[in-house]
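Undergrad: whatever this is, show me its structure:
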Amino acid sequence: MITVLAGGVGAARLLAGLVQVVPPATVTAVVNVGDDTVLHGLHISPDLDTVIYTLAGAVNPDTGWGLRDETWQAMAMLERYGGPSWFRLGDRDLGTHLYRTGRLADGARLSTVTAELARAWGLEVRLLPATDDQLRTMVTVAGEGEIGFQDYFVRRQHAVAIESVRFDGAAAASPAPGVLDAIAEAAHVVIAPSNPIVSIGPVLAVPGVRDALREARERTVAVSPIVAGAALKGPADRMLAELGHEVSVVGVARLYAEIASVLVIDEADRELAEAVEDTGMRCVVTPTIMSSPAAAAALASAVVGT
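TA: Down below sits the predicted model:
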């Protein structure tokens, strides 16, 4: 069994590559829910949905999130009424959020609803939210104070400097059923090339998860989301810099050395391999830019072969 700690587009693409090289039913993804939010009265789980849509082959290829060939009539009507439309929800995507919200209101756990959604899309990969409890990533913006993650990431297009990140609710949260077993029993644990601060960070903040990874360190490999000193997508590079971390594969290694024994880096960073190994991690150099399904599968093969 392979367990992947996942958050966002990079993780979804790696998972899509992984199911090309191993049986999908042997893969478990533990997915970040710190990005979750309630908008228009609906419970939205962006990272879970991105993983589901990507594995189903239904994701918008231009954005890496949302559904391909989406329509936007509901958003147009909302704009007509003067309602908030900065968080774009397509018409079919809204159906996902309506279903999730209704099931949660009926008392179902998020992990149960996630399994139902995955099954409806015909997925064999086991998808687990990191926790069924409320966990929210909060960002302190310089000179302004604390705001919700989606306010920072979507509404402000992650264009404002940050001073700190906090995971509200983490201390009282429990891992979702199956999360700790998935880590303990996996032959390989993979930390996907997701933002270490706000995609992987909330997963690690759930009590018990970091300890489980420490126990599984020799079976755990991380993939750097930083290539040649920059993030391929999103604000990971700026967030690392603003929070005082080195923006390089070495900085990523320092964040993960306690919980992973191997770091996979891109060929563009080959000259930093020795510095990565100075952190106590073994370094594997291979192409990591998933520009096509074949490239994602090649990276997945390299990861599980470490």
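
Undergrad: hmm, Ser85 is touching Trp72, no?
TA: No - Ser85 is beyond contact range of Trp72, at 9.3 Å (criterion: CB atoms under 8 Å). C-beta coordinates here come from the backbone N, C-alpha and C atoms, glycine included.

Undergrad: whichever strand or helix holds Thr114 packs against which elements?
TA: Under the criterion DSSP states H and E, the helix or strand holding Thr114 is helix 110-120. Counting contacts by 3 or more CB pairs under 8 Å, 6 or more residues apart in numbering; DSSP states H and E, helix 110-120 is packed against helix 46-55, helix 91-105, strand 126-129.

Undergrad: list the helices and strands the second one packs on?
TA: What it means is helix 91-105. Right, helix 91-105 is packed against strand 42-44, helix 73-80, helix 110-120 by 3+ CB pairs under 8 Å, 6+ apart.

Undergrad: quick one: mean pLDDT over that helix.
TA: The average pLDDT within helix 91-105 is 98.

Undergrad: ok, which of the helices and strands packed on helix 110-120 comes nearest Leu39?
TA: helix 91-105 (8.5 Å; CB to CB).

Undergrad: just the buried positions in the closest one, please.
TA: 92-94, 96-97, 99-101, 103 (16 or more other CB atoms under 10 Å).

Undergrad: residues touching that helix, excluding its own?
TA: The contact list for helix 91-105, computed with CB atoms under 8 Å, 6 or more residues apart in numbering, reads 41-45, 49, 66-67, 70-74, 89, 110, 112-113, 116-117.

Undergrad: just the buried residues of those.
TA: 42-45, 49, 66-67, 70, 74, 89, 110, 113, 117.

Undergrad: what ranges does this structure have for its strands?
TA: Along the chain, counting by DSSP state E, strands occupy 2-6, 27-31, 37-39, 42-44, 126-129, 136-141, 145-148, 162-168, 188-191, 220-223, 226-227, 230-231, 262-265, 282-285.

Undergrad: His245: which of the ones you listed is closest?
TA: That would be strand 226-227 among these, by CB to CB, at 10.0 Å.

Undergrad: direction included, what does that closest one pair against?
TA: strand 230-231 (antiparallel) (DSSP bridges).

Undergrad: so how far is the partner strand off the chain centroid?
TA: 16 Å (CA atoms, centre = their mean, to the nearest Å).

Undergrad: repeat that for stretch 43-61.
TA: Chain-centre distance of stretch 43-61: 11 Å, with CA atoms, centre = their mean.

Undergrad: start to end distance for that stretch?
TA: End-to-end distance for stretch 43-61, by CA to CA, to the nearest Å: 24 Å.

Undergrad: buried sites along that stretch?
TA: 43-56, 59-60.

Undergrad: the helix holding Thr114 versus helix 91-105: what angle between them?
TA: Interaxial angle, helix 110-120 versus helix 91-105 (axes from the mean of the first three to the mean of the last three CA atoms, to 10 degrees): 140 degrees.

Undergrad: what mean pLDDT does helix 110-120 get?
TA: 98.

Undergrad: ok, residues contacting that helix?
TA: Residues contacting helix 110-120 (CB under 8 Å, 6+ apart): 31, 33, 45, 48, 52, 96, 99-100, 103-104, 125-129, 131-132, 176-178.

Undergrad: mind redoing it with 6 Å?
TA: 48, 52, 100, 103, 127-129, 132, 176-177 (CB atoms under 6 Å, 6 or more residues apart in numbering).

Undergrad: one more: stretch 208-215?
TA: With CB under 6 Å, 6+ apart, stretch 208-215 has contacts from 175, 180, 183, 203-204, 259.
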